[in-house]
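Need coordinates for the below:
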Amino acid sequence: MIHPSYSELMNVINNEVEPGEQPPVQSRYSIVIATSKRARQLIAGAPAYVKDSKGKKPLSIAVEELYEGKVRIVGDAEDSEEAN
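Prediction:
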């Protein structure tokens, strides 16, 4: 079994959502897209935010960063607000 599971990862990511707000992750697809984008950033040379990342694959590092809350998923609306 892969740790963390999709459901565990979704619970951790959606944990900080206030009542009435829409959670950033609503499906496994959202997690796959987010981790693959982060893994591409790591491959391109972005620093890892978790300890002991040497020797680990970029996707494993990306999953660990999401699970530990070091990286967060923002929706399209938040992303466009941060760009302004």
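
helices or strands up against the lengthiest helix in the chain?
Using DSSP state H to define each element, the chain has its longest helix at helix 28-43. Where contact means 3 or more Cβ pairs under 8 Å, 6 or more residues apart in numbering; DSSP states H and E, helix 28-43 is packed against helix 6-14, helix 58-68. All C-beta atoms are positioned from the backbone trio N, CA, C, and that covers glycine.

So which residue is dead centre in the chain?
In the chain, the centroid-proximal residue (Cα atoms, centre = their mean) is Leu66; its distance is 3.7 Å.

That one contacts Ile73, doesn't it?
Yes. Assessed by Cβ atoms under 8 Å, Leu66 is found in contact with Ile73 at 7.4 Å.

list residues touching both of those two?
Ile13, Ala34 (Cβ atoms under 8 Å, 6 or more residues apart in numbering).

Let's have the helices and strands packed on helix 28-43 in TSV, adding distance to Ile31 and mean pLDDT.
Formatted as TSV, the helices and strands packed on helix 28-43 follow (distance: least, Cβ to Cβ, whole Å; pLDDT from 0 to 100):
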stretch	distance to Ile31	mean pLDDT
helix 6-14	6	84
helix 58-68	7	91
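
Tell me which of those sits most buried.
Mean neighbour count, computed with mean count of other Cβ atoms under 10 Å, is highest for helix 58-68 among those, reaching a mean of 19.

That one packs against which elements?
Counting contacts by 3+ Cβ pairs under 8 Å, 6+ apart, helix 58-68 packs against helix 6-14, helix 28-43.

quick one: contacts of the longest one?
Yep, that's helix 28-43 we're talking about. Outside helix 28-43, the residues touching it (Cβ under 8 Å, 6+ apart) are 6, 9-10, 13, 24-25, 48, 58-59, 61-63, 65-66, 71, 73.
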